[in-house]
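1. Show me how the following folds:
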Amino acid sequence: MNEIENRNQIDINPTASKEQAKACQRLWSMVILYALRDARERIANTKAKNLEWAVRQEMDYFTSRDFEAVCQWAGFEIEPDTIENGLRTLRRW
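-> Here you go, the predicted model:
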């Protein structure tokens, strides 16, 4: 092999690749946790008369393609109904 061919080849370490994939999944899992935490805090700080509106606002993200992609990258399957039910139980309606 000549020098140019050597530079174009990539040495992929399977163990390192698995570790990187797990690290990426953990990162995206944290994105989900922080999104849920932020939503919980916003709902908790909402006046009772605005709770329905606040839940709908939060659910805009949790039903989006962006959130679906984040869940996929994290290796999670989270049903938006589960999130909505959880948000609704944070405060007495």
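
2. Angles on the backbone of the most centrally placed residue in the chain, please.
-> By Cα atoms, centre = their mean, the mean C-alpha position of the chain lies nearest to Ile32, the distance being 3.1 Å. Here is the backbone geometry of Ile32 (degrees, to the nearest 10): phi -60, psi -50.

3. show me what contacts it?
-> Val70, Cys71, Ala74, Phe76, Ile78 (Cβ atoms under 8 Å, 6 or more residues apart in numbering). In short, each C-beta sits where N, CA and C put it, glycine included.

4. make it 10 Å
-> Phe62, Phe67, Val70, Cys71, Trp73, Ala74, Phe76, Ile78, Ile83 (Cβ atoms under 10 Å, 6 or more residues apart in numbering).

5. host element of the second one?
-> Using DSSP states H and E, Phe67 sits within helix 65-74.

6. Now do the SS call for Leu90.
-> Here Leu90 takes the coil state, with states given by DSSP: H, G, I helix; E, B strand; the rest coil.

7. my read: it touches Arg37, true?
-> No. The criterion here is Cβ atoms under 10 Å, and Leu90 misses it with Arg37 at 11.7 Å.

8. Have a look at the two and say which one is more surrounded.
-> Ranked by neighbour count (other Cβ atoms under 10 Å), Leu90 and Arg37 place Leu90 first, with 16 against 10.

9. all helices of this protein, in order?
-> For the chain, helices defined by DSSP state H occupy the ranges 3-8, 14-44, 51-62, 65-74, 80-88.

10. By mean pLDDT, flag the weakest helix or strand of this protein.
-> Sorting the helices and strands of the chain by mean pLDDT, DSSP states H and E puts helix 3-8 at the bottom, at a mean of 56.

11. what does the helix holding Phe67 rub up against?
-> Here helix 65-74 makes contact (Cβ under 10 Å, 6+ apart) with 24-33, 35, 59-62, 64, 76-80, 83.
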